[in-house]
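K.L.:
Need the 3D shape of this:
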Amino acid sequence: MRQSSIASLAVLLAACTSSSSTTPPLDAVAIAPPPAPTVASAPKHAAPDAINPRLLRRFQPLDQAAAPENPALVDLGRMLFFDKRLSRDRDVSCNSCHRLDRYGVDHEATSTGARGKRGRRNAPTVYNAAGHVRAFWDGRAADLAEQAKGPILNPLEMAMPDGASVVRVLVAIPGYVTAFERAFPGAARPITYDHVGRAIAAFEKGLVTPSRWDRYLAGDASALTKREVAGLRLFSDTGCMACHTGRYLGGSSFQKAGVTRPWPNQRDQGRFEVTAAPADRMVFKVPGLRNVAMTAPYFHDGSAKTLEEAVGTMARVQLGEELSTEDIGLIVAWLGTLTGELPAEYIREPALP
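P.N.:
Here you go, the predicted model:
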């Protein structure tokens, strides 16, 4: 197997992604400088031996979604997530780009929004997004509640002119008046734009998908095949887990896209557009890899159509590695173990007021 130094990965494989409410402010999020890659020996395929437990401690199993503290708030968020009346022309909802029955994506390089306009970046999955360090590819939103309000007012997405316009729509619907009163009991003004974001976030926090990988982490060695374990070993030894680690296998840092070679598409400068800091040019949030086999196309620009292409690109552009077709296949086999079961009842489209 090729042994490379653990270089920092940039924007990896998963296709408005989010964070917990305890994340640091935008200007406090550190970006670790990537070490230079070293020249490696000729690749050899990973052996299907047991994985060192010390390596597995770099990850944590994904817990099932906890029962919500306020079910009425979750129910309200579910309705708002599916409601196209939150868009200017009443033709786009959150679910239009983040299809819950398709692992939270629409399988487009960039999504179609108001009046057929295309967004600038690939719409990432909303599943398992609550634990990410910040929201959006460039980290401009601190948490799910802040993120949820962005697309509704984005002229390329749902295109509502302002939050007050959203409130006027909702106040005119008696069923929503009642739903907001139940979700925000005692509030002087139950229907506010901030409450819209909080309700959608409460629903999205329940979008978790444990998989075979979690059973393996919990000690069930039979949960993965020998080929999949070999892929995990190769994923680690190639350097991918430097950034894709933890409970979500990413989502916890920001890295430069294009470490050993320039990223082909330089039009989008990523986090630099938020901070104006030169060090943030071409820096993006490292996405989590949960359900990555189901969320093509990949990267912030949607430029990789297949997972195999994405793995090969990351190895080459981020780590200076040229992986063989067989080695890429091993890593892809392991990545498939991160696919969880969709919570069918939880994501069932509700009757709207």
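
K.L.:
ok, which stretches of the stretch 251-353 of the chain are strands?
P.N.:
When assigned using DSSP state E, counting those that start in this stretch, the strands of the stretch 251-353 of the chain occupy the ranges 254-256, 283-285.

K.L.:
so what does the first one touch, helix or strand wise?
P.N.:
What it means is strand 254-256. Where contact means 3 or more CB pairs under 8 Å, 6 or more residues apart in numbering; DSSP states H and E, strand 254-256 is packed against strand 283-285. Using the backbone N, CA and C atoms, a C-beta is placed for each residue, glycine as well.

K.L.:
Who are the packing partners of the strand it packs on?
P.N.:
Identification of packing neighbours for strand 283-285 by 3+ CB pairs under 8 Å, 6+ apart yields strand 254-256.

K.L.:
Name the residues of the strand it packs on that come out as buried.
P.N.:
Within strand 254-256, the residues scored as buried using 16 or more other CB atoms under 10 Å are 254-256.

K.L.:
ok so, going back, of the strands of the stretch 251-353 of the chain, which is nearest residue 85?
P.N.:
strand 283-285 (30.3 Å; CB to CB).

K.L.:
Now find how far off-centre that closest one is within its chain.
P.N.:
Offset of strand 283-285 from its chain centre (CA atoms, centre = their mean, to the nearest Å): 12 Å.

K.L.:
same question, stretch 93-109
P.N.:
12 Å.

K.L.:
Could you number the chain from 32 rather than 1 from now on?
P.N.:
Right, with 32 as the first residue, what we last looked at is stretch 124-140.

K.L.:
ok, and for that stretch, which residues are buried?
P.N.:
Neighbour-count burial for stretch 124-140, counted by 16+ other CB under 10 Å, picks out 124-131, 134-138, 140.

K.L.:
Against residue 202, how distant is residue 208?
P.N.:
7 Å (CB to CB, to the nearest Å).

K.L.:
Can you check which residues contact both of these two?
P.N.:
residue 222 (CB atoms under 8 Å, 6 or more residues apart in numbering).

K.L.:
circling back: from the buried residues of stretch 124-140, which land in helices?
P.N.:
The members of the buried residues of stretch 124-140 that map onto helices under DSSP state H are 125-128.

K.L.:
between the strands of the stretch 282-384 of the chain, which gets nearest to residue 153?
P.N.:
When the strands of the stretch 282-384 of the chain are compared by CB to CB, strand 314-316 sits nearest residue 153, at 10.7 Å.

K.L.:
Format the buried residues of stretch 124-140 as CSV; extra columns: pLDDT.
P.N.:
Below are the buried residues of stretch 124-140 laid out as CSV (pLDDT from 0 to 100):
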residue, pLDDT
124, 98
125, 98
126, 98
127, 97
128, 97
129, 98
130, 98
131, 98
134, 98
135, 98
136, 98
137, 97
138, 98
140, 97
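
K.L.:
circling back to that earlier point, out of the strands of the stretch 282-384 of the chain, flag the one nearest residue 213.
P.N.:
strand 314-316 (34.4 Å).
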